[in-house]
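Student: Below are the sequence and a predicted model; questions follow.
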Amino acid sequence: MKTHEYQAREVLARYGVPFPPGRVAETPDEAEAIARELGGKVVVKAQVHAGGRGKAGGVKLAGSTEEARDHARTILGSPIRGRLVRKVLVGQAVPISRELYVGVVLDRATKGVAMMASAMGGVDIEEVARSSPDAIVKVSADPLLGLADYQARDLALAVGLAGDQAKVFRAIAKTLYRAFLECDCSLLEINPLAVTEDGVLVALDSKMVIDDSALYRQPALAALRDTSEEEPAEMEAQRAGVNYVKLDGNVGCIVNGAGLAMATMDTIKAHGGEPANFLDIGGGASVDQIGAALRIILKEPNVRAVLVNIFGGITRCDVVAQALVGLIEERGLNVPVVARLVGTNAAEGRRILAGTDVLLVATMSEAAQRVVCLAGESRRVAP
Amino acid sequence: MSILIDAGSRVLVQNITGREGSFHTQQMLAYGTRVVSGTAPGRGGQEVEGVPVFDSVRQAVGATGADTSIVFVPAPFAPDAIVEAADNGIRLVVCITEGIPVLDMVKVCAHVHAKGCRLVGPNCPGVITPGQCKVGIMPADVYAPGPVGVVSRSGTLTYEIAGELTALGMGQSTCVGIGGDPVIGSSFVDVLTLFEHDPETEVVALIGEIGGTDEEEAAAFIAAKMTKPVVAFIAGKTAPPDKRMGHAGAIVSAGRGTAAEKIAAFERAGVIVGDGAEDMAQAIAAIVKERPVAR
């Protein structure tokens, strides 16, 4: 689960990470009031789940309260990287001498947690990783011992800090590591961690991504979810207990299993079509769940044809067929549907669908070929 | 011979009284798996499908000599179940459970490894050695005994490929679903190492997907260490960035973990990359027919 910058900031501030004073505003008036409190010189930052906000015009420096108000008016309600801005963070502008990076990530390759630091902060760290990989220092924390003191010292040395600054940096690094574990993060970073002209370390931006599987035990963090950032159809699918991701094509697909669902999308593409979605109904889905999945797909205006691709294991093909028949009886089909049913109770599933408008095929490539062809010809009819 | 499990494996089902645990106990028994015991804290003394239930793994192992376990314990309690198995002499733990917090698995993997126990999963369909033993939830009738080792991050896609292979008359030595989570007990490299040393395995089918670098590490291993041919397939060429594709681990993040990168890594390593299940099975069939190995 992604969080907004201001949310990550609030969480980290509670852990004692230093930030310049600032607050979130939803209107130009509020932004102006905050700017006045902070002395006028502020940074106004769009709060959306997207990187590269600066380049997209979502981060603006204001020299006065009036300018802060103008910037807030420009940014609020406008799209940044395709997302509507509903909130801005208004923070005191600080004179910066250096920008560092420090972050904690889940390191899949080592099955552990790694901490990274760089003297090249303030820019996209993935870009630094590509262009100058030597500029990033990475240490792997022992899963049972945690981040060792010497590792924090190594990171401070690597970014060129000494004396009191190094001490503060080490404290921030250890705090960040602790927050990462306690908040069940998969990513937690401060970028940039600025050294001001006065030599003080402050976090100017932070990013926190939380492991979805751990939300059940992180109710305070789960409450930070901003549903306005999410696709309504994806949320509806989540409530129905199926995995759905909206895409731009016109071939809807319903599949059991994540790998097969991805492979089905790839096969549609290989046959010259464009998938309208990823949809994995999971194992052992019920008639209701499959019905909900079908309705979500058929509601999408782009969808011109649907492919149902099931390799029954725990999932039973007859249950999938019943869900299809239920939907046909309830509202008819407004686009052609191609189904390939293999595995558990496949014969029964095919028998249930015989005599309906659903086109039954035997193989995945045949299914893709037919559905792509039908999507090209199909004109959507009102249900 | 086979890898991980065979007709002699003595299987313990953790949370045998649950809906999934009891159903798959019956399915595994029907396949011929020697399910010797189950656990369900507080329910010791009961039976499920004629299999004795114990309160703890210690009791179950002591009474029945189980050496392999399959975990159907819900996510909040599954890490403890895995540790309990590893601490009580189980040498292979297969964890089916989906949705375990990743940081729990970081600690569990380190502990299990230190105990000398092997973990497959979590969030996986399990392991099957066709004709001998099934420790998993896969539909058994698509598999047949034979020379192809199969290792995959995906469940249904494995059934798809096993089905294609079987239809072409090509059975499987062992099929291992390593799981779709970001942190898993056994990687592609771990399983490839076992297949390389398994006399029954002549060729390996590897099914990867977007996210992480496990496939890239497998490609490097194949180039450096493997003598047996490997045919690969990568799902998710059309997956958009920064979106989880069903599996917690299937995500292209910050432009890394794409199918294109993985396919390129395999091709550099001399691995044939199939364009789908049917294509992959055809490529394997061609290799098996060419190989002069007596079976």
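Tutor: Great, that's in hand. Numbering: from 1, shown residues only, chains lettered A, B, ... in the order given.

Student: from the stretch 151-295 of chain B, which residue is nearest to chain A?
Tutor: B:Ser154 (2.2 Å; Cβ to the nearest Cβ). From N, CA and C alone the C-beta is placed, and that goes for glycine too.

Student: Look up the pLDDT of that residue for me, please.
Tutor: On pLDDT, B:Ser154 comes in at 92.

Student: do the same with A:Ala129
Tutor: Note for A:Ala129: predicted pLDDT of 85.

Student: What distance do you get for the residue of the stretch 151-295 of chain B closest to chain A to A:Gly355?
Tutor: Going from B:Ser154 to A:Gly355 by Cβ to Cβ, to the nearest Å gives 34 Å.

Student: And those two? Which one has more around it.
Tutor: B:Ser154 (31 against 8; other Cβ atoms under 10 Å in any protein chain shown).

Student: Now do the contacts for the residue nearest to the residue of the stretch 151-295 of chain B closest to chain A when sequence neighbours are not counted.
Tutor: Closest residue to B:Ser154 apart from its sequence neighbours, by Cβ to Cβ, 6 or more residues apart in numbering or on different chains: A:Gly259 at 2.2 Å. Applying Cβ atoms under 8 Å, 6 or more residues apart in numbering or on different chains, we find A:Gly259 in contact with B:152-158, B:180, B:207, B:209, B:235, B:246-247, B:250.

Student: how about a cut-off of 6 Å?
Tutor: For A:Gly259, the contacting residues are B:Ser154, B:Leu157, B:Glu209, B:Ala235, by Cβ atoms under 6 Å, 6 or more residues apart in numbering or on different chains.

Student: what about A:Ile314, which SS state?
Tutor: Three-state call for A:Ile314 (DSSP: H, G, I helix; E, B strand; the rest coil): coil.

Student: Local confidence estimate at the most centrally placed residue in chain B?
Tutor: Central residue of chain B (Cα atoms, centre = their mean): B:Gly177, 2.6 Å from the mean position. pLDDT, B:Gly177: 96.

Student: What of B:Met245?
Tutor: With respect to pLDDT, B:Met245 has a value of 89.

Student: Pull the number of nearby residues for it.
Tutor: B:Met245 has 27 nearby residues by other Cβ under 10 Å.

Student: same deal with A:Thr264?
Tutor: Count around A:Thr264 with other Cβ under 10 Å applied: 33.

Student: how close does it sit to chain B?
Tutor: 9 Å (Cβ to the nearest Cβ, to the nearest Å).

Student: For that residue, give me phi and psi.
Tutor: When read as degrees, to the nearest 10, the backbone of A:Thr264 gives phi -70, psi -40.

Student: before we move on, what SS does the residue in chain A that chain B sits nearest to have?
Tutor: Per Cβ to the nearest Cβ, A:Gly259 is where chain A lies closest to chain B, at 2.2 Å. Following three-state DSSP, A:Gly259 is assigned to helix.

Student: Which pLDDT value belongs to it?
Tutor: What the model reports for A:Gly259 is a pLDDT of 93.

Student: sorry, back to before: how much space separates the residue of the stretch 151-295 of chain B closest to chain A from A:Gly257?
Tutor: Taking Cβ to Cβ, one finds B:Ser154 at 6 Å from A:Gly257.

Student: Now A:Ala114: which helix or strand?
Tutor: strand A:112-118 (DSSP states H and E).

Student: Beyond that strand, next helix or strand please.
Tutor: helix A:125-131.

Student: neighbouring contacts of whichever helix or strand comes after that next one?
Tutor: Downstream of helix A:125-131, the first helix or strand assigned by DSSP H and E is strand A:136-141. The contact list for strand A:136-141, computed with Cβ under 6 Å, 6+ apart, reads A:Thr110, A:Gly112, A:Val113, A:Ala114, A:Met115, A:Met116, A:Ala117, A:Ser118, A:Ala129, A:Leu147, A:Gln151, A:Ala158.

Student: tell me, which of these make contact with chain B?
Tutor: A:Gly112 (Cβ under 6 Å from any Cβ of the partner chain).

Student: Which two of the contacts of strand A:136-141 have the greatest separation?
Tutor: A:Ala129 and A:Leu147 (20.5 Å; Cβ to Cβ).

Student: domain assignment for the chain?
Tutor: If you meant another chain, say so; for now it's chain A. Taking automatic domain parsing as the reference, chain A has its domains at A:21-92, A:96-222, A:231-377.

Student: The chain in question should be chain B.
Tutor: B:10-120, B:138-290.

Student: weakest of those in terms of mean pLDDT?
Tutor: Taking the mean pLDDT of the domains of chain B, domain B:138-290 comes last: a mean of 93.
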